[in-house]
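# Got a predicted structure here, sequence first:
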Amino acid sequence: MGGDPDTIIASILDGRAGVMPGWDGVLGRDGVNHVASYVLSLSGVKAPADWVAAGKAQFDTLCVACHGVDGRGNRALGAPDLTDDRWLYGKDFATISQSIRHGRSGVMPPWRHRLTEDQARLIAAWLYAKAAHEKSIPG
C-alpha cells in the first residue's frame, strides 16, 4: 500500500494488485536458495556468506527492477520493502524461497461500493497513524 494518505485512500476505494513472477525456471534450486539468503540478509537475518554473495549478484540482475538496488521496494509496482520487518507471507527461509520460486499474486479488492469516501479517509488516517507509530518505536 502506498505511504501517503491519498494513495492509501485510492488503494482502499479502488483496490490494487501486485504480481511477482516465479523465478524457479531462471534461478534453479541453488539460485533460489542464494537469492532467499540475500533477501533475508537485507533485514538483518544471518545467512551463509557465500550464499548471500551469490544471491546479491542474482538479485542485482533480476530483482532490482522492482525491489530497487537497496531492496526498499517500489510502492507504485506493489514491490515490498525487503529491508524492514513487515512480511505479508512470512519471513522464514522456506516462505521466502517459495515466493521467489513460484511468485506471488496479491490482490486487495476495491471497497468503493461499500464505503463512503469519509469512511475510507478514516481507515486511511488510522493506517497512516499506525505506520507512523510503528516507525517511532525503537527496534
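Noted; the coordinates are in hand.
# Who are the packing partners of the helix or strand hosting Leu27?
Assigned by DSSP states H and E, Leu27 falls within helix 24-42. Here helix 24-42 touches helix 49-62, helix 93-102, going by 3 or more C-beta pairs under 8 Å, 6 or more residues apart in numbering; DSSP states H and E. (C-beta placed from N, C-alpha, C; glycine too.)
# can you list the domain ranges for this structure.
For the chain, automatic domain parsing gives the domain ranges 1-17+110-139, 22-102.
# Report the distance from the first one to the chain centre.
The one in question is domain 1-17+110-139. 17 Å (C-alpha atoms, centre = their mean, to the nearest Å).
# Also stretch 18-34?
That offset, for stretch 18-34, works out to 16 Å (C-alpha atoms, centre = their mean).
# Okay, buried residues for that stretch please.
The neighbour-count criterion (16 or more other C-beta atoms under 10 Å) identifies 18, 20, 23-24, 27, 31-34 as the buried residues of stretch 18-34.
# and what of stretch 44-62?
Buried, per 16+ other C-beta under 10 Å, within stretch 44-62: 47, 51-52, 54-56, 58-59, 62.
# Only C-alpha atoms, please: export that stretch in CSV.
Presented in CSV, the C-alpha positions along stretch 44-62 are these (Å, rounded to 0.1, in the frame of the first residue of the first chain):
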residue,chain,number,x,y,z
GLY,A,44,19.4,-8.5,9.3
VAL,A,45,18.9,-12.3,9.2
LYS,A,46,22.2,-14.2,9.2
ALA,A,47,22.8,-16.5,6.3
PRO,A,48,25.9,-18.2,4.8
ALA,A,49,28.2,-15.5,3.4
ASP,A,50,28.8,-17.4,0.1
TRP,A,51,25.0,-17.8,-0.5
VAL,A,52,24.4,-14.1,0.3
ALA,A,53,27.2,-13.0,-2.1
ALA,A,54,25.8,-15.3,-4.9
GLY,A,55,22.3,-14.2,-4.1
LYS,A,56,23.2,-10.5,-4.3
ALA,A,57,24.6,-11.0,-7.8
GLN,A,58,21.4,-12.6,-8.9
PHE,A,59,19.2,-10.1,-7.1
ASP,A,60,21.2,-7.3,-8.9
THR,A,61,20.3,-8.9,-12.2
LEU,A,62,16.7,-9.9,-11.7
